[in-house]
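*Asks:* coords please:
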Amino acid sequence: MPQAGDQAPAFQLPDQDGTPVSLAQFAGRSVVLYFYPKDNTPGCTVEACGFRDEHSALEAAGAVVLGVSADSTASHRKFATRFNLPFPLLADVDHTLSEAYGVWGEKSLYGRKFLGITRATFLIGPDGVLKQVWPKVKVNGHVAEVLAALKGEAPAADGAEKKPAAKKAPAGKKVAAAKKAPAGKTVSAGKTAVAKKAPAKKAVPAAKATRAAKKPAAAKKAPVAKKPAAVKKAPATKKPGAGKKTAPAKKSVATKKASRK
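*Replies:* Numbering: from 1, shown residues only. Predicted structure coming up:
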């Protein structure tokens, strides 16, 4: 597989309409040459639609998009028509171009081995020199990587620019979290202010304690509630004295009887 800095292998192949397309005709412009395994398969459809959706941005960056697979021109036509693909799909039926770019070889799927195209993308500069190579493409986010490379936002090293960017994004979140942490400290300071108010709340129990202290005083008055007076009244009944008074009464009766006699 040719690497960044190598001269891009020249080619001329028919597109979906049978029109010959060569690398030489795009001299002075950047070329995004992407190889995909097969038309109308899930991953290849997502990738093609990604290039379709960003086609205007890619053209604005000065690039031409060319898709390549080993399918026939008729298969390419159906694929391009079905998904409204605005760029040429080259039919590399005898896989000569795929071999020249090192993407043709043995593959395996569900334990079955076969020959086919490995998904890869090559960014060719206006001078015909490879600027960047993606040897093992992951479909999701790939078009954004290519567009960033065209804009000079990614180094010419296997599309590794997005990975540091992905690491920077979480780092930014950590910084934001670190900024929120001091804010959390201010909140904790607020909590300390609330803790200062907490003794004020304890003053209320102190008032309750004074009330509770008054309640025991009332409890002391309760025993004074004239229970001893009741005890004093009990001896004041003087029932024995009443017996003594009845005794003279009996003597008066005796005296009356004596007088009668």
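*Asks:* Every contact and neighbour count from this point should use C-alpha atoms.
*Replies:* OK.
*Asks:* quick check, Lys38 in a strand?
*Replies:* No: per DSSP: H, G, I helix; E, B strand; the rest coil, Lys38 lies outside any strand segment and is coil.
*Asks:* That one and Gly152, how far apart?
*Replies:* 30 Å (C-alpha to C-alpha, to the nearest Å).
*Asks:* More neighbours: which of the two?
*Replies:* Taking neighbours as other C-alpha atoms under 10 Å, Lys38 and Gly152 compare with Lys38 leading, 20 against 11.
*Asks:* Ignoring the adjacent residues along the chain, who's closest to that one?
*Replies:* Of all residues not flanking Lys38 in the chain, Ser69 sits nearest, at 6.2 Å (C-alpha to C-alpha, 6 or more residues apart in numbering).
*Asks:* wait, isn't Cys124 in contact with Val31?
*Replies:* Careful, residue 124 is Ile; it's not Cys. Yes: using C-alpha atoms under 8 Å as the test, Ile124 is close enough to Val31 to be in contact (5.0 Å).
*Asks:* Quick check: the gap between the closest residue to Val65 other than its chain neighbours and Phe114.
*Replies:* Using C-alpha to C-alpha, 6+ apart and skipping residues adjacent in sequence, the residue nearest Val65 is Val32, 4.8 Å away. Distance from Val32 to Phe114, counting by C-alpha to C-alpha: 27 Å.
*Asks:* Dig out what the residue nearest to Lys38 forms beta bridges with.
*Replies:* Counting by DSSP bridges, Ser69 is bridged to Ala91.
*Asks:* And it, what's its pLDDT?
*Replies:* Listed pLDDT for Ser69 reads 98.
*Asks:* Contacts only, for it.
*Replies:* Listed by C-alpha atoms under 8 Å, 6 or more residues apart in numbering, the contact set of Ser69 reads 35-39, 89-93, 117.
*Asks:* which one of the residues you listed has the most neighbours?
*Replies:* Counting by other C-alpha under 10 Å, top hit in the contacts of Ser69: Leu89 with 32 neighbours.
*Asks:* If you drop the residues flanking it in sequence, what lies closest to it?
*Replies:* In space, Leu89 is closest to Gly67, 4.6 Å off (C-alpha to C-alpha, 6+ apart).
*Asks:* mind listing what's buried in stretch 125-136?
*Replies:* Residues of stretch 125-136 classed as buried by neighbour count (16 or more other C-alpha atoms under 10 Å): 125-126, 128-135.
*Asks:* same question, stretch 114-122
*Replies:* Quick answer for stretch 114-122 (16+ other C-alpha under 10 Å): 116-122.
*Asks:* Could you measure from Pro2 over to Ser98?
*Replies:* 11 Å.
*Asks:* scratch that, Val31
*Replies:* From Val31 to Ser98 the distance is 16 Å (C-alpha to C-alpha).
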